[in-house]
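Visitor: Output the structure for:
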Amino acid sequence: LFFVLTHQLYKNEFKNNKELIKSLLKQLNLDYINDIEYFVTNKPKIIKKEVLKPMTIVPYERKSYAIFDNNAKNKKIYDKFEEIRDLIKKKI
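Guide: You can find the predicted model right below:
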C-alpha cells in the first residue's frame, strides 16, 4: 500500500502512525496488506542564502611626497608628470 504525501511534515506523522494504520487495516480484514510505504511528491527546494557582509572602507592615509623618477621620453607626457608632481607638492 502506497501513500502519497504532499508535505515533508506528513512524513513524520506517517512514521509515527504506521502501526496504527496497520491495526486499522487488520480490523477491516485487509490482512493481505502487510507492507506500507510512502513518498513525498512535493520535496522542498533548499535555497542557500549567502550572507553578505558589509564592506568596510579603510581610508587611504598614505601620502605621496612627489618623489619619483620621470622617465617619460615624450615631451608632453614628461610635462604632465611634472604637473602632477607640482600638484602633489602643493597639497603637502
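Visitor: From here on, just use CA atoms for contacts and neighbour counts.
Guide: Noted.
Visitor: The longest helix belonging to the chain packs against which elements?
Guide: Across the chain, the longest stretch assigned as helix under DSSP state H is helix 8-27. Helix 8-27 makes packing contacts with strand 37-40 when contacts are defined by 3 or more CA pairs under 8 Å, 6 or more residues apart in numbering; DSSP states H and E.
Visitor: Put the alpha carbons of stretch 2-11 into PDB.
Guide: Output in PDB follows, covering the C-alpha atoms of stretch 2-11 (Å, rounded to 0.1, in the frame of the first residue of the first chain):
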ATOM      1  CA  PHE A   2       1.500   3.300  -1.100                       C
ATOM      2  CA  PHE A   3       0.600   6.700   0.400                       C
ATOM      3  CA  VAL A   4       1.400   9.800  -1.500                       C
ATOM      4  CA  LEU A   5       2.300  12.700   0.900                       C
ATOM      5  CA  THR A   6       2.300  16.300  -0.200                       C
ATOM      6  CA  HIS A   7       4.400  17.800   2.500                       C
ATOM      7  CA  GLN A   8       7.500  16.900   4.400                       C
ATOM      8  CA  LEU A   9       5.800  17.200   7.800                       C
ATOM      9  CA  TYR A  10       3.300  14.500   6.800                       C
ATOM     10  CA  LYS A  11       6.200  12.100   6.600                       C
END
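Visitor: How far away from the center of its chain is it?
Guide: 28 Å (CA atoms, centre = their mean, to the nearest Å).
Visitor: Kindly report the same for stretch 59-76.
Guide: Counting by CA atoms, centre = their mean, stretch 59-76 comes out at 43 Å from the chain centroid.
Visitor: Now do the same for that stretch: mean pLDDT, whole number.
Guide: Mean per-residue pLDDT for stretch 59-76: 86.
Visitor: Many thanks, have a good one.
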